[in-house]
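[1] have a look; sequence and predicted model below, questions after that.
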Amino acid sequence: MTGVYTTAPGLMPQAKEGNNIFDADENYNAYIENKRRCREEDITKYYCTHDFKEQTRDAVINFLQSQINQATGDFDVLCRQVQEDVAVVQLEGDKDWLAAIHLCSPNHWDPRTKIGRPFNEIHMPVPHIERTVKNYQVMLKMIIDKEPFTRFAWGISTDDRLNHHPEPPVGYDPEEWRGRKFSDQFFVRVERQNLIGLKEVNAFIFTIRTYFYNVEELNSEERKALATAISSMTKESLDYKGMSEFKTKLLSLLAK
């Protein structure tokens, strides 16, 4: 809504942002069904761990149980009860790594290529991220020490399918599965991301909730802001977001 595309962290204190960590809405069953299909296909594509310390696992499970009122003591089972995807980042001395991730709504990336890696390596493919990763450990330590934060990320998709894992399920045409093709229908794909520090184990939980907004249903102010933001994107950012092919078509649609 600022009319500018940016890769800045954009962290907002959760108390001021005013929303709960987990958001169950009228689409709950569709999200849970998506997670069931991921498990049926091959859960190892979507759920990975690396040096997921027992104390951290217990702290994460306790937090999830307190938020969703579930008694089970299993990280995987708890993650299957919420619409959000869930990740855990561990810090130890001057090291940090992605210790666990349960990602059934991947936005064109494979969690298996990120697990166990530090923040700067995970975000290396993102154009213009240099400023954020320069002193990123200061930011990670702040996330652990302070109250929960919320941030938002957005892009444009040509469908409203949650699962865009880069490796299609068996039997799917890879090009069709990938999406991001010239289309008369576009959606703003928004991720609401919460970051919750677990100071006692020097780690934090990272939740990702995906929302879709049909571009044709945006009001005039939203259309104008979106068009301005897209126009502000560099070629590298457009390529990374998969928007280069349909930028002109999309801007034309937004101008109507």
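    Sure, I can see it.
[2] can you list contacts of the helix or strand hosting K141?
    With the criterion set as DSSP states H and E, the secondary-structure element containing K141 is helix 136-145. The set of residues external to helix 136-145 that reach it, using C-beta atoms under 8 Å, 6 or more residues apart in numbering, is 9, 11, 89, 91, 94, 96, 119-120, 132, 149, 195, 197-199, 202-204. Every C-beta, even on glycine, is put in place using the N, C-alpha and C of the backbone.
[3] ok, now stretch 172-183?
    Outside stretch 172-183, the residues that touch it by C-beta under 8 Å, 6+ apart are 108, 157-159, 161, 164, 166, 168-169, 242-243, 245-246, 249.
[4] which of these sit farthest apart?
    Of all pairs drawn from the contacts of stretch 172-183, the one with the largest separation by C-beta to C-beta is P169 and K249; the distance is 28.5 Å.
[5] hang on, the earlier thing: quick one: which of the contacts of helix 136-145 sit in helices?
    In this view, the contacts of helix 136-145 that belong to helices under DSSP state H are 119-120, 132.
[6] from those residues, pick the one nearest E222.
    Distances from E222 to the ones in helices among the contacts of helix 136-145, taken as C-beta to C-beta, are shortest for T132 (26.1 Å).
[7] wait, doesn't that closest one sit right on L11?
    No. With the criterion set as C-beta atoms under 8 Å, T132 and L11 do not qualify as a contacting pair; they are 10.7 Å apart.
[8] among the contacts of helix 136-145, name the buried ones.
    Applying 16 or more other C-beta atoms under 10 Å to the contacts of helix 136-145, the neighbour count classes 11, 89, 91, 96, 119, 132, 149, 195, 197-198, 202-204 as buried.
[9] Y46: which of these is nearest?
    V89 (17.7 Å).
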